[in-house]
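> starting from these lines, generate the structure:
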Amino acid sequence: MGSQYSKRCSEEFKRDAIALARSSSKTITEVARDLGVSPESLRGWVKRDRIDRGESGPG
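Have a look, this model is predicted:
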């Protein structure tokens, strides 16, 4: 489930994944698949990053 990915992925990997998801024309699902993580995990990382930055917006 989601927690297994959190344990496996370093903070550096998460930062890189978030940056890729934000800059890519691909969907979150496509980026996640390319990186070998679940779309739910990547969505959570992006959402948490958005909150940490004080940004608002959809999901």
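
> every contact and neighbour count from this point should use C-alpha atoms.
Fine.

> which non-adjacent residue is nearest the residue most central in space within the chain?
In the chain, the C-alpha nearest the mean C-alpha coordinate belongs to Leu42, at 2.7 Å (Cα atoms, centre = their mean). Leaving out its chain neighbours, the residue that sits closest to Leu42 by Cα to Cα, 6 or more residues apart in numbering is Ala32, at 6.3 Å.

> so how many other residues sit close to the one you found?
By other Cα atoms under 10 Å, the residues close to Ala32 number 21.

> so is it in a helix, a strand, or just coil?
helix (DSSP: H, G, I helix; E, B strand; the rest coil).

> what's the answer for the one 5 residues further on, then?
On the three-state scheme (three-state DSSP), Val37 is labelled coil.

> now swap in Val46 and tell me
Counting by three-state DSSP, the backbone at Val46 sits in helix.

> surely it meets Asp16?
No: judged on Cα atoms under 8 Å, Val46 makes no contact with Asp16 at a distance of 10.8 Å.

> more crowded one of these two?
Val46 (21 against 12).

> mind listing what the more buried one touches?
Neighbouring residues of Val46 by Cα atoms under 8 Å, 6 or more residues apart in numbering: 18, 21.

> if you set the cut-off to 7 Å instead, what comes out?
Ile18 (Cα atoms under 7 Å, 6 or more residues apart in numbering).

> cool, Arg15 as well?
Applying Cα under 7 Å, 6+ apart to Arg15 gives no contacts.

> for it, which three-state class applies?
Classified using three-state DSSP, Arg15 is helix.

> check what pLDDT it gets.
Here the pLDDT value assigned to Arg15 is 97.

> count of residues packed around Ile18?
Residues lying near Ile18 (other Cα under 10 Å) number 24.
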